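# missing the sequence, but the structure's below:
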């Protein structure tokens, strides 16, 4: 998982916002038309991933954990049901979104839970019970 | 090409790409780019969250109304303050840390918290009293009636 390193303000702004738009190659390694912003926190018992997905229906979000890669993908406004009238301003990005993270090996794939509230997706991933620590005595010769 | 030449070349490429990215980003997002001011509580000032967010808005003109959609996830309906001037919509709000469930320490922190304000120009004059707003799935919808002066005039053709 990436560590947040303090950038200068300009770089940070660019990094955080550029992946919300389909800026080609240079800035970020993301796929899809847009990519949600996330907060990830870690505790002793697990990880919490919070992603901003405004306007995305819960049924249009797919969360999966495979080989320790957490994938959040889906589509926004797949069906343009309310596109009547004349568009006078369009800033919201439509279409497919995708974001992936590699979790440490001891994530519990079975225990993952996700829920959406007010356009915010919260994913909780418990850490798997790790093998008991084995202490090895060092003998003095 | 010598080592230094190739290094200089690569550096130039990187700078060019960055500049290109900035330009495109700026073109698309300059209006939506919004600064978040920390609310002053302990959490928001101690954590190194983002100070910038994008409040993307769509404006659509209907026959006698205008519909504005603004992406503002993670808000409570009571934390919006919406005001209408004749031809612009002002949205203020505060996104609180307390609404978050956080475990332990942050590994990645991109989402912005605090108070924000965005002004959205409207394509025509509106009737201030007609404003109605709803909040669903993190998207704020504001509907306003056109001001009588902006309503389409019906011209009766005499027989």
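It's in. Note that the coordinates shown come from a computational prediction; the quantities given were computed from them, not determined experimentally.
# just give me the residue right at the centre of chain B.
Nearest to the mean C-alpha position of chain B, by Cα atoms, centre = their mean, lies residue B:55 at 1.6 Å.
# just the pLDDT at that one, thanks.
pLDDT, residue B:55: 91.
# just the one 5 residues further on next, same as before
Per-residue confidence for residue B:60 comes out at a pLDDT of 94.
# kindly state the beta-bridge partners for it.
As for beta bridges, residue B:60 partners with residue A:87, residue B:67 under DSSP bridges.
# so it is in contact with residue A:92, correct?
No: here residue B:60 does not reach residue A:92: they are 11.1 Å apart, not a contact under Cβ atoms under 8 Å. Glycine gets a C-beta too; all of them are placed from N, C-alpha and C.
# which neighbours do those two share?
residue B:69 (Cβ atoms under 8 Å, 6 or more residues apart in numbering or on different chains).
# so the closest residue in space to residue A:117 that isn't next to it in sequence is in which element?
Excluding its sequence neighbours, the residue lying closest to residue A:117 (Cβ to Cβ, 6 or more residues apart in numbering or on different chains) is residue B:74, at 8.0 Å. If you go by DSSP states H and E, residue B:74 is not part of any helix or strand.
# and residue B:74, what does it touch?
A:52, A:117, A:118, A:119, A:120, B:95, B:99, B:100, B:111, B:138.
# and the pLDDT at the second one?
Translated: residue A:117. 93.
# who does it bridge with?
residue A:120.
# can you name the residue of chain B nearest to chain A?
Closest residue of chain B to chain A, Cβ to the nearest Cβ: residue B:138 (1.6 Å).
# what's the burial count for the nearest residue to that residue once chain neighbours are set aside?
Using Cβ to Cβ, 6+ apart and skipping the chain neighbours, the partner closest in space to residue B:138 is residue A:119 (1.6 Å). Around residue A:119 there are 23 other residues, counting by other Cβ atoms under 10 Å in any protein chain shown.
# please see if whichever strand in chain B runs longest touches chain A.
The longest strand of chain B (DSSP state E) is strand B:126-136. Yes: against chain A, strand B:126-136 shows contacts by Cβ under 8 Å from any Cβ of the partner chain at residue B:135.
# pull out the buried residues from that strand.
Neighbour counts over strand B:126-136 (16 or more other Cβ atoms under 10 Å in any protein chain shown) mark B:126, B:127, B:131, B:133, B:135 as buried.
# and the one residue in chain A that gets nearest to chain B, how far from residue B:50?
Using Cβ to the nearest Cβ, residue A:119 is the residue of chain A that sits closest to chain B, at 1.6 Å. Per Cβ to Cβ, to the nearest Å, residue A:119 is found 17 Å from residue B:50.
# do the same with residue B:9
33 Å.
# more crowded one of those two?
Higher neighbour count among residue B:9 and residue B:50: residue B:50, with 19 against 11, using other Cβ under 10 Å.
# hmm, that one is touching residue B:109, no?
Yes: proximity of residue B:50 to residue B:109 meets the contact threshold set by Cβ under 8 Å, at 7.1 Å.
# who touches residue B:30 in this structure?
Neighbours of residue B:30 in contact, by Cβ under 8 Å, 6+ apart: none.
# are we agreed that residue B:11 is in a strand?
No: residue state for residue B:11 (DSSP: H, G, I helix; E, B strand; the rest coil) corresponds to helix; a strand is not indicated.
# give me the pLDDT for it.
pLDDT, residue B:11: 78.
# sorry, back to before: in terms of pLDDT, where does the residue nearest to residue A:117 sit?
For residue B:74, pLDDT reads 93.
# on that earlier part again, pretty sure the residue nearest to the centre of chain B is touching residue B:69, no?
No: Residue B:55 lies out of contact with residue B:69 (Cβ under 8 Å); the separation is 10.8 Å.
# how much space between the closest residue to residue A:44 other than its chain neighbours and residue A:47?
Sequence neighbours aside, residue B:104 is the residue nearest to residue A:44 in space, at 6.8 Å (criterion: Cβ to Cβ, 6+ apart). According to Cβ to Cβ, residue B:104 stands 9 Å off from residue A:47.
# now residue B:154
61 Å.
# please identify which of these two sits among more neighbours.
Between residue B:154 and residue A:47, residue A:47 has the larger neighbour count (other Cβ under 10 Å), namely 23 against 5.
# is the more buried one in a bridge, and if so with what?
residue A:42, residue A:125.
# helix or strand next in line after the helix or strand bottoming out on mean pLDDT in chain B, which one?
Lowest by mean pLDDT, DSSP states H and E among the helices and strands of chain B is helix B:42-46, with a mean of 49. Where DSSP H and E defines the elements, the next helix or strand beyond helix B:42-46 is strand B:52-54.
# can you give me the strands for chain B?
B:33-35, B:52-54, B:57-61, B:65-71, B:80-85, B:88-95, B:105-109, B:114-121, B:126-136, B:139-146.
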